[in-house]
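Student: coords below, sequence missing:
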């Protein structure tokens, strides 16, 4: 028995329609209301910082993507439904009351218009929402900039892989999704309306259903053929060989031809499906589909495996040599490790330096850093916090400043507002958001000095020599505006600032004796009722709406973290995890390094960014970068955020970067040219740690030029684990962080330069293999120098030096004595410094009272090692004297040997009387020491060298006169 399906459907009652409309409005308000409020708050913020075009460009791109994808998917689904319904069977066979789809068919027919419109709309909206996240891929495609460099296999410009291919892949993916959804919708519709029947042994398929499904399947397979064409290019970042990235011998000689064969078979298979439209059976497309599957297994998988096993593996060092060479060249180009940027020098690493040679090192020895920024945050807090609601970032930062004509490195920190530290009534809404609004002051300490030895001042030694600039005082680094409204400790809390009503006193806490009213350019006006309502809803705080202190002069400061502000205005950047404060032209500015990255650079090594940038310091605090694979990295942008008014400036630092140029075209006017960087700002730019950590990880392998040597891995290095972290052993050792130092470099520019340095050890061994350093000074910024030690020597590495320190009887004995005095011992950064042809290791040792909240680390001892000899003392000069000989430590910062010692004659010419030659030599020693002290105070390295030479000559003269 057959019946014509009924048409039409009863209309909804007025009450039902009202209820449905009301429910729909409520759902929209619940889902979209908070988003609209948040969008309005973002709109105001982007306008305040002058980057509203970033928000509008991103929003416009996402809206267009949503519409295109929604119309594509929804339109194709609607067309599929119409065709399936239009060509349904005239009579629907009914198999009796047990017909499994009869009731569903009835429901659909009764609400035919609802399903015909609703299904495509719902599917289209879901697809459109899912497709908005790829807006960056679209923008890079639209504004692609050529690299003017081609890949070695296909001859395409690198921009094709960076910008074009990802977009084409995106388009193809959505075409796949659309056809797959349409196939499923057609299948269900034909089954529902009888075009497909499962009765009988084989079931029945109508001609219309067969034709529509065959066409959809053919189109899908045709798109698969296009996918095979694109797969050819993906081979250039193949991971088949664990030793390198890029197309291997097997990829080029087996997989690449297989992709072409599969492409041809896919086209034949698609043609077979299209032919099924005109033939009643599906045998031909079925056979073609089986042929495609079998070919994929045999040609796409089995043949490459056979070639790899029997042709490549027995001669892999020769077969893979061309691919390895391509990988070496591409990786160096992608990560800035080309020969024009990296210089590898041989360095013996061993020396028998004399005291005179050590004293003559006026670049490194006087600037040896004793303060570890990773250990002293608590010391800064206890001694310079002033109030409980102030705080310092942990770890602290390091930078260099020129004070009284002398350039040296300083441990620096901004005294920020820490709203999480408010207690009691300080946490009241008014106090939290209207009174305690800002930090106060810039605190610094010379990195190579302490106030005194620990025991010399009754236990109050070993502390930084602070210089502070705030609203109450100006230190050696003067600051015109020391108030800090934007910083790292604010935890995205907001503050409401601005001039109070006429006659009212300022209300913001500035010090115990004065209040302040913010008059900076930062902040969004909140005096109007509309904005107050918006922020009250955004923060869920009714006080914003009803507080009487908020008036037409009030502004709200929010999104105050420097790194987050840069991320928001430049979402295409990956920011370094260590913003640092610097005094630039009298104002405190946060400096943030921004990276441009790519995931698809042909033949370049794939680096897991989070893993490569983790170390013993950041790993414990969870601050490493996102763990995404990258194959290209440039520090293309230097950003600054003014600590007082929040002004954000982006500077193009690597103007030759095609990725940066692409984004500059996408967001015109957002990035300032490099020429806009002032000399004052330039003097405080550092080579970023995260970029250096990625590069040192790569340099452990990509210092090798020869493919055969690269394949053998015999010359590979490792990043050492941090020996100063207790228990840092086993499989999951945290890497030693790189260290900023002010030091000289063998064969480099004369004098000291500000560098970022790291030791590297041999592969799976702890012996030192090389020393890597990159210059941060403007003249040679970014110049990487690698001092490579001979492979046949065994120079101790960081772990072995630490073991040597702790194994020394004197050191072990004194450390045990320190531990017995209810103190804990913490080892500071172990610095590796090239000195006089050898390598000097320096490690500060800090102590802290155990079990006391008010305790803080103090420098107790200094460990030094050189050529297997260990020095240990509360004073760096004395520790240096222990390993080099008397007088070697004279060049260390702020110290001069006592002049009386060499003046005492060991063998006078006559009993009780010194000879004239001895007296003359002693006077020359005193004169040389006076000149040395004056030169050190004035920071004149040239005069220090002259004074040390004179001192050495005078000591030799005295020794000769004394026999």
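Tutor: That came through fine. This structure is a prediction, so every number in the text was calculated from the model and none was measured.
Student: residues contacting stretch 114-131, please?
Tutor: With contact meaning Cβ atoms under 8 Å, 6 or more residues apart in numbering, stretch 114-131 is reached by 65-75, 77-78, 81-82, 85, 108, 174, 177-178, 181, 185. From N, CA and C alone the C-beta is placed, and that goes for glycine too.
Student: select only the buried ones of these in ChimeraX?
Tutor: To isolate the buried ones among the contacts of stretch 114-131 in ChimeraX, judged by 16 or more other Cβ atoms under 10 Å, type:
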select :65,66,69,70,72,73,74,77,78,81,85,108,174,177,178,181,185
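Student: backbone phi and psi for the residue lying closest to residue 676 once chain neighbours are set aside, please?
Tutor: Excluding the flanking residues, the one nearest residue 676 by Cβ to Cβ, 6 or more residues apart in numbering is residue 651, at 6.1 Å. Main-chain dihedrals, residue 651, degrees, to the nearest 10: phi -120, psi 130.
Student: how many neighbours does residue 651 have?
Tutor: Neighbours of residue 651 under the rule other Cβ atoms under 10 Å: 22.
Student: what of the one 4 residues further on?
Tutor: A count of nearby residues for residue 655, using other Cβ under 10 Å, gives 14.
Student: that one touches residue 673, doesn't it?
Tutor: Yes: using Cβ atoms under 8 Å, residue 655 makes contact with residue 673 at a distance of 7.1 Å.
Student: follow-up on the earlier one: just confirm the residue nearest to residue 676 contacts residue 637, I think it does.
Tutor: Yes: here residue 651 reaches residue 637: they are 6.6 Å apart, a contact under Cβ under 8 Å.
Student: between these two, which contacts overlap?
Tutor: residue 671.
Student: the residue nearest to residue 676 pairs with what?
Tutor: For residue 651, the beta-bridge partners are residue 638, residue 672 (DSSP bridges).
Student: that one and residue 570, how far apart?
Tutor: Here residue 651 is placed at a distance of 11 Å from residue 570 (Cβ to Cβ, to the nearest Å).
Student: overlap of the contact sets of the two?
Tutor: By Cβ under 8 Å, 6+ apart, residue 651 and residue 570 have these common neighbours: 637, 639, 671.
Student: any chance you could map the strands in the stretch 151-300 of the chain?
Tutor: Using DSSP state E, counting those that start in this stretch, the strands of the stretch 151-300 of the chain run over 196-197, 204-205.
Student: quick one: closest of the ones you listed to residue 403.
Tutor: strand 196-197 (85.1 Å; Cβ to Cβ).
Student: now that closest one, how far from the chain's geometric center?
Tutor: Centroid separation between strand 196-197 and its chain, computed with Cα atoms, centre = their mean, to the nearest Å, is 57 Å.
Student: and that strand, average pLDDT?
Tutor: Mean per-residue pLDDT for strand 196-197: 79.
Student: ok, that strand: who's next to it in the sheet?
Tutor: If you go by DSSP bridges, strand 196-197 pairs up with strand 204-205 (antiparallel).
Student: give me the contacts around stretch 451-460.
Tutor: 461, 462, 463, 464, 465, 847, 858, 859, 860, 874, 875.
Student: tally of neighbours for residue 356?
Tutor: For residue 356, the neighbour count with other Cβ under 10 Å is 19.
Student: again, but for residue 849
Tutor: Quick note: residue 849 (other Cβ under 10 Å) scores 16 neighbours.
Student: show the contacting residues for it.
Tutor: Listed by Cβ under 8 Å, 6+ apart, the contact set of residue 849 reads 822, 823, 824, 855.
Student: what about 6 Å?
Tutor: 823, 855 (Cβ atoms under 6 Å, 6 or more residues apart in numbering).
Student: please apply the same query to residue 417.
Tutor: The contact partners of residue 417, taken as Cβ under 6 Å, 6+ apart, are 438, 439.
Student: how much space between residue 612 and residue 596?
Tutor: Distance from residue 612 to residue 596, by Cβ to Cβ: 17 Å.
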